[in-house]
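S.K.: Any chance you could fold what I've pasted below:
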Amino acid sequence: MITQLIILAFVMLAAVILGLAEIFFLPGLTLAGIGGVLFATGGLYWAYSMGMLVGNVTLIASAVVFVIGFVWLMRSRSLNKLALHTDVDSRLESSRDLGIKEGDEGITLSRLAPIGKAQFGTVSVEAKSETEFIDEKTPVVIVRVEGYHVIVRRK
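M.R.: Coordinates of the predicted model:
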C-alpha cells in the first residue's frame, strides 16, 4: 500500500510538472500537455480505485500543488530570463518617403518573379514587375509608386 501511494504521488507530481511546463514553456498543444492530462487522468483513476478518501486527498493535494507551482512560476524572476525584452521602434516607410518617384531608373538586385529587390540610386526597395519576370541585374524603370509598392518594367 505504501509503495502504491509513493508511485501515485510521483505520477501526480509528473502530471503537475507537465501541466505547468505546457502552460509556461511549451505553448500550444504539445506532448507535455497530452502527457500531463494522461498522467492526471490515470493517477486519479488509480487513486479512486484505492478508495474514495485516497482519491479525494489525491485530487485536492495535486490541485493545491498545481496552484502553488503556478503562483510561484508567475512571481518567479527566472521566467524573466526567458522573456523577450526588446521593443520594436522601427516603422515602415513609404517608397515616396524614400525619395522614389515614377520614371526613376535602377537595377534589379534579385529576380522579380514577380516581386523581388531593386535598387534606385542608393535606396534598395521591394519592387514588383508590371507584367513579366525580370532577371537579376536588369535595368528597370519605375512605372508607378502605390504606397509601399514600387511597380517596375524593363528599361
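
S.K.: can you give me the helices in the protein?
M.R.: 2-24, 31-50, 52-75, 78-82 (DSSP state H).

S.K.: Take the ones you listed and lay them out in JSON lines including mean pLDDT.
M.R.: Formatted as JSON lines, those follow (pLDDT from 0 to 100):
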{"stretch": "helix 2-24", "mean pLDDT": "91"}
{"stretch": "helix 31-50", "mean pLDDT": "93"}
{"stretch": "helix 52-75", "mean pLDDT": "93"}
{"stretch": "helix 78-82", "mean pLDDT": "72"}
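
S.K.: so which of those comes closest to residue 137?
M.R.: Closest to residue 137 of the helices of the chain is helix 78-82 (Cβ to Cβ; 44.5 Å). Heads up, the C-betas are built off the backbone N, CA and C, glycines and all.

S.K.: could I get the helices of the chain as JSON lines with distance to residue 155 and mean neighbour count?
M.R.: JSON lines is the format used below for the helices of the chain (distance: least, Cβ to Cβ, whole Å; neighbours: other Cβ atoms under 10 Å):
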{"stretch": "helix 2-24", "distance to residue 155": "56", "mean neighbour count": "16"}
{"stretch": "helix 31-50", "distance to residue 155": "56", "mean neighbour count": "16"}
{"stretch": "helix 52-75", "distance to residue 155": "61", "mean neighbour count": "14"}
{"stretch": "helix 78-82", "distance to residue 155": "51", "mean neighbour count": "9"}
